[in-house]
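S.K.: Could you work out the structure for the sequence below:
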Amino acid sequence: MILIKDFYERLRSKEKPAKLAVAVMRKLLLMAASVLKQQQPWQETAPATGKT
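M.R.: So this is what the prediction gives:
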């Protein structure tokens, strides 16, 4: 899963190891909940480009 790997690497680069495991697990949980709710396989989409 490229999405999770990119998310993990982004958090590691910010040097926040204490929050890293919780953040990645939360992301996976939200993805799983979405799959169950929509009853369709997960489809990874490209991240939004542009800064807010």
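S.K.: what comes up buried for the lengthiest helix in the chain?
M.R.: Identified as the longest helix of the chain according to DSSP state H is helix 17-38. Using 16 or more other CB atoms under 10 Å as the test for burial, helix 17-38 gives residue 27. In this view, the C-beta of every residue, glycine as well, is placed from N, C-alpha and C.
S.K.: Pull the number of nearby residues for the nearest residue to residue 24 once chain neighbours are set aside.
M.R.: Excluding the flanking residues, the one nearest residue 24 by CB to CB, 6 or more residues apart in numbering is residue 8, at 5.6 Å. Look at residue 8: counted by other CB atoms under 10 Å, it has 16 neighbours.
S.K.: where's residue 8 relative to residue 28, distance?
M.R.: Per CB to CB, to the nearest Å, residue 8 is found 11 Å from residue 28.
S.K.: Help me confirm that residue 8 comes into contact with residue 20.
M.R.: Yes. Contact criterion CB atoms under 8 Å: residue 8 and residue 20 qualify, at 7.1 Å.
S.K.: residues shared between the contacts of the two?
M.R.: Listed as contacting both residue 8 and residue 20 by CB atoms under 8 Å, 6 or more residues apart in numbering is no residue at all.
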